[in-house]
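Novice: below are the sequence and a predicted model; questions follow.
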Amino acid sequence: MSTENLSTVLNDELSAKERQEGYTKDVGGLTNKFAVEPQPYAEEPNNHFGFNTFAETFSGRVAMIGFDLLVLTELLTGRGIIHLWG
């Protein structure tokens with residue numbers, strides 16, 4: 001069966017909506033609905049202020065580093081941070 005016969009059997013004519021959406025016909029005259037390009041979109045800007053994932057992760061990491069520095073200071077000096085401070 002040739003592609004012309006297959007096209008008529010499948011009633012493969014493009015409607016106005018399909019043409020507007022960007023569907024095309026291949027060389028055999030069949031509708032190629034997989035050739036439609038997705039619409040590009042711009043992502044929302046990643047805001048680094050307020051309660052968001054970045055801010056929570058960053059503050060948690062800073063707190064862990066601070067705690068490690070307190071423990072390291074106590075190990076090296078033999079006195080706690082309160083004794084060193086006051």
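Specialist: Okay, I see it.
Novice: ok, how many other residues are close to residue 24?
Specialist: 14 (other C-beta atoms under 10 Å). For glycine as for every other residue, the C-beta is placed from the backbone atoms N, C-alpha and C.
Novice: repeat that for residue 39.
Specialist: 6.
Novice: separation between it and residue 21?
Specialist: Separation of residue 39 from residue 21 (C-beta to C-beta, to the nearest Å): 10 Å.
Novice: what do you get for residue 38?
Specialist: From residue 38 to residue 21 the distance is 12 Å (C-beta to C-beta).
Novice: out of those two, which sits in the busier spot?
Specialist: residue 21 (11 against 5).
Novice: which positions within stretch 67-86 qualify as buried?
Specialist: Buried residues in stretch 67-86, counted by 16 or more other C-beta atoms under 10 Å: none are found.
Novice: what residues does residue 53 make contact with?
Specialist: Shown in contact with residue 53 (C-beta atoms under 8 Å, 6 or more residues apart in numbering): no residues.
Novice: do you know the pLDDT at it?
Specialist: Looking at residue 53, its pLDDT is 83.
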